[in-house]
Structure formats: C-alpha cells, structure tokens
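# model the structure of this input:
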Amino acid sequence: MEFFRNSVKKVLNILNVQNVYAHCDIPCGIYDPHLALVAAHTVLRMDMLIQDLSKNAKDNLDYNHKLSRYSDVKEKHAELCKQEVRIIWGDYFKPEHLQKFPEIHELVWNVMKTASKARQSTDINDAKALLESVNKFTEIFWKTKGVDSIRVKAPYPTEAEMVVPKA
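This is a model prediction of the structure:
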C-alpha cells in the first residue's frame, strides 16, 4: 500500500493537483478513482514488459522468473482496479447520478469484464481497453462531483492517457 501512496503523491505533484482524495468504504464520503487508473496502467505496463521479455529472454530460468512476477503483479492490479471501481459504484453513485448518467451500470460491467479479459491474456489491446473503460468511468465520476477533468499523458512508462481533475 505504501507503494501506491508514494505513486499517488508523485503523480499529484507532477500534475500540480492541490486536493488529494481517497476512500475508506465506511462510507466516509471521500472517493477517487485514481487507484483504479494506476492499477489499469500497471496492467498495461505488465503486458508491455511481458512482450519485451519474449524478445530479451536470457535463459529459461530468467524468462520464467520474470514472467511469473509480471503475471502476478498484473493479476493483483486487475483485481485492484475492479475493487476500486466496484466500491465507488456501490457506495458513491446515487439514483440522481444514475438518472444523469444511465450508462454507468454498463460501463462498470465493462470495466469488470475487460479487467478479467486483460488478466487472461497478454494482448496489449485488452489492457488498453481496460484503461479506456476506467478513464470513461473517471470522467463520469468527476462530472458527478461538478469537477472538470482533462485527459493528460500519464507520467508512467505506458505513455497512455489518464483522466485527472482540471486544476
């Protein structure tokens, strides 16, 4: 968990975001899909590393060790992504949000399905689809808060987009 806190701090510093939000599932009223975004980026990055691994494998032992580690991290982060979205969907979204954004149920279902698919394959396109679903979810989330958001190039090796509150 410390890794995530440090990662969030670094990203927020880079993006010059002043407010930090988290949730605790009490419900405490404090929610933020940022961890789901970081997890989706991690799934994408693990697929990138797995693809590179097959090109740069030194021997079977090294290859198997790294593949095992990358796969484990990808599994955990796909599940974290699902968990974070599921908690926000279940605890934060209210009937008035659903009236304004009726697509949220299907979008959450899509996040769950694409996260599972991304776990089952090493196809980078599956990981990109997961990230895009989480970005759409994040955009809707911030709209419900009355906060404008923007898509920026993430400061991660994925070089993919992420949705953040507009400063």
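
# dump the residue contacts of residue 73.
42, 46 (Cβ atoms under 8 Å, 6 or more residues apart in numbering). Any C-beta I mention is one placed from the backbone N, CA and C, and that applies to glycine too.

# work out which residue lies at the spatial centre of the protein.
Nearest to the geometric centre of the chain sits residue 37, at 2.4 Å (Cα atoms, centre = their mean).

# so it is in which element?
Using DSSP states H and E, residue 37 maps to helix 34-56.

# helix or strand next in line after that helix, which one?
Using DSSP H and E, the next helix or strand after helix 34-56 towards the C-terminus is helix 60-87.

# relative to helix 34-56, how tilted is that following helix?
160 degrees (axes from the mean of the first three to the mean of the last three Cα atoms, to 10 degrees).

# circling back: packing partners of the helix holding residue 37?
Under the contact definition 3 or more Cβ pairs under 8 Å, 6 or more residues apart in numbering; DSSP states H and E, helix 34-56 sits against helix 2-15, helix 60-87, helix 104-120, helix 124-144, strand 161-165.

# repeat the analysis, applying 6 Å as the threshold.
In terms of contacts (3 or more Cβ pairs under 6 Å, 6 or more residues apart in numbering; DSSP states H and E), helix 34-56 is packed against helix 60-87, helix 124-144.

# mind listing what's buried in it?
Neighbour counts over helix 34-56 (16 or more other Cβ atoms under 10 Å) mark 34-50, 53 as buried.
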